[in-house]
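Asks: Here is my input, please return the structure:
(one chain, ligands or ions: 2)
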Amino acid sequence: MIDVAVSTDTPLRDYGGILGVVEFGGQSRNPDLTAGYPTVGIAMREQREQPVREVWTSASEVTSGARDGIVYGHDGTHLFGTFRLPGAEAYREATRSVYRRTMTLLHDLGYPHLVRMWNHIADINHTNAGGLEVYRDFCQGRAEGLEEAGTDMSAGLPAATGIGSRGDGVVVYFIAERSGAPLHFENPRQVPAHRYPREYGPRSPSFARATLLPSSEKLFLSGTASIIGHRSTHVGDLDGQCDTTLENIRLLLASVSEKTGGKVEMDSFTMLKAYVRHESDVPHVRRRLREEVGPLVPLELFNVDICRSELLLEIEGVLTMKFSDEVRGGGS
Ligand SMILES: O=C(O)c1cccc(O)c1
Ligand SMILES: CC(=O)C(=O)O
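Replies: Ligands and ions are numbered 1, 2, ... in the order given. Next up is the predicted model:
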């Protein structure tokens with residue numbers, strides 16, 4: 001059973017088996033195994049702020065390793081992996097190569113099913129020397145790497161986040177799984193990202209809107225923003241973007257509930273993260289989210305850029321689904 005917790009203060013020895021740790025602090029750092037498990041640093045806070053740790057744990061024994069620049073921990077069912085690409089003028093080629101190597105590694109270790117990916121891209125909205133936005137350049141390399149690995153773009157893509165960071169380079173971490181059980185979902189009022197029209201870049205972003213891991217009853221919600229169809233809405237209007245984003249999440253959760261027979265609602269988050277473009281908007285977004293999910297949900301906000309320059313916020317998280325015994329036993 002895989003689990004995740006986010007905190008600033010829990011000592012790591014209080015966790016059981018650790019699959020991997022992500023430190024959101026003042027600096028991006030290459031992943032390593034110094035602590036005995038994969039640890040990676042992503043510059044998501046100011047230097048003076050306390051880092052936040054996202055800790056992925058397992059109830060089973062964990063083995064760790066590194067190959068081809070990818071550092072990983074796995075427990076026989078799930079794998080946590082991470083890599084970093086150094087800051088560069090263009091990322092297409094390095095991204096293509098590392099995504100392909102990742103898929104090869106997952107195949108060789110026996111965890112061929114991607115569940116969830118996080119892509120933290122410095123200077124995400126900048127235009128590179130080739131005249132392409134950094135995010136679009138990244139998306140091109142990712143799509144090519146996945147394609148070369150034989151990924152089915154309409155059925156096999158995991159939930160993901162593609163977001164800015166305050167460091168340099170690209171830091172990626174991901175969860176993969178052995179058995180093929182993950183189920184991927186789209187949002188009823190959004191065009192699947194892998195089918196976005198060409199106006200958003202040479203290759204579409206490669207992700208599903210959510211992925212369910214039935215064995216742990218966890219639903220991984222992708223980075224969700226104020227997009228209807230494929231268009232950004234409420235440009236320049238923070239409350240309008242909050243409303244649309246939250247409505248997108250409600251509609252997605254309702255659709256997942258309907259399709260799976262499980263229960264999942266806005267207070268089912270076990271981890272909620274929000275990315276906010278302007279620092280001055282952070283308190284307002286925090287209030288809006290608290291009103292929506294109640295006082296108990298662990299919530300972290302990060303002041304970073306978002307993949308489309310007109311988007312002011314993006315929300316993602318992990319939710320716990322509840323299935324009745326009837327549904328769990330196979331329904332009918
Ligand atoms: O490119 C992505 O993986 C992505 C996924 C979700 C939201 C987002 O802004 C970007
Ligand atoms: C947020 C975003 O980029 C998307 O949903 O496509």
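Asks: so how many other residues sit close to the nearest residue to residue 133 once chain neighbours are set aside?
Replies: Leaving aside its sequence neighbours, residue 133 sits nearest to residue 127 (CB to CB, 6 or more residues apart in numbering; 5.7 Å). Any C-beta I mention is one placed from the backbone N, CA and C, and that applies to glycine too. Number of residues near residue 127 (other CB atoms under 10 Å) recorded here: 12.
Asks: Touching, residue 127 and residue 136? I think so.
Replies: No - the criterion here is CB atoms under 8 Å, and residue 127 misses it with residue 136 at 9.4 Å.
Asks: coming back round to it: and the pLDDT for the residue nearest to residue 133?
Replies: For residue 127, the pLDDT comes out at 97.
Asks: swap in residue 47?
Replies: Turning to residue 47, the model gives it a pLDDT of 88.
Asks: And for it, nearest residue in space, chain neighbours not counted?
Replies: In space, and not counting its chain neighbours, residue 47 is closest to residue 26: 3.7 Å by CB to CB, 6+ apart.
Asks: and this structure, which residues reach ligand 2?
Replies: When proximity is defined as CB under 6 Å from any ligand atom, the chain approaches ligand 2 at 193, 205, 223, 225, 227, 307, 308, 314.
Asks: Pick out the one among the residues you listed with the largest number of neighbours.
Replies: residue 314 (28 neighbours).
Asks: what mean pLDDT does the helix or strand encompassing that one have?
Replies: According to DSSP states H and E, residue 314 maps onto strand 313-320. Strand 313-320 shows a mean pLDDT of 98.
Asks: Please apply the same query to stretch 186-204.
Replies: 97.
Asks: how about it: buried residues?
Replies: Across stretch 186-204, burial judged by 16 or more other CB atoms under 10 Å covers 186, 187, 190, 191, 192, 193, 194, 196, 200, 201, 203, 204.
Asks: and what of stretch 96-108?
Replies: Buried positions in stretch 96-108, judged by neighbour count with 16+ other CB under 10 Å: 96, 97, 98, 99, 100, 101, 102, 103, 105, 106.
Asks: all strands of the stretch 1-150 of the chain, in order?
Replies: Residue ranges of the strands in the stretch 1-150 of the chain, as given by DSSP state E, counting those that start in this stretch, are 2-7, 17-25, 29-32, 39-43, 52-58, 63-67, 70-74, 78-85, 113-122.
Asks: of all the ones you listed, which lies closest to ligand 1?
Replies: Evaluated over those, closeness to ligand 1 peaks at strand 113-122, with 5.4 Å, by CB to the nearest ligand atom.
Asks: Over in the stretch 201-332 of the chain, which residue gets nearest ligand 1? Let me know.
Replies: For the stretch 201-332 of the chain, CB to the nearest ligand atom, closest residue to ligand 1: residue 223, 3.0 Å.
Asks: Name the SS class of that residue, please.
Replies: strand (DSSP: H, G, I helix; E, B strand; the rest coil).
Asks: Chain neighbours aside, what residue packs nearest to it?
Replies: Residue 223's closest residue in space is residue 161 (CB to CB, 6+ apart), at 4.0 Å.
Asks: Check the one you found and give its pLDDT.
Replies: Note on residue 161: pLDDT of 98.
Asks: Hmm, residue 275 and residue 285 touching each other?
Replies: No - using CB under 8 Å, residue 285 is not in contact with residue 275; the gap is 9.3 Å.
Asks: Need the residues touching each of the two.
Replies: Residues touching both residue 285 and residue 275 (CB atoms under 8 Å, 6 or more residues apart in numbering) are 301, 313.
Asks: And residue 69, how close does it get to ligand 1?
Replies: Between residue 69 and ligand 1 the computed distance is 20 Å (CB to the nearest ligand atom, to the nearest Å).
Asks: and what of residue 60?
Replies: Distance from residue 60 to ligand 1, by CB to the nearest ligand atom: 29 Å.
Asks: Same check on residue 88?
Replies: From residue 88 to ligand 1 the distance is 18 Å (CB to the nearest ligand atom).
Asks: For that residue, which non-adjacent residue is spatially closest?
Replies: Distances taken as CB to CB, 6+ apart place residue 94 nearest to residue 88, at 6.5 Å, with adjacent residues excluded.
Asks: Kind regards, and thank you for your time.
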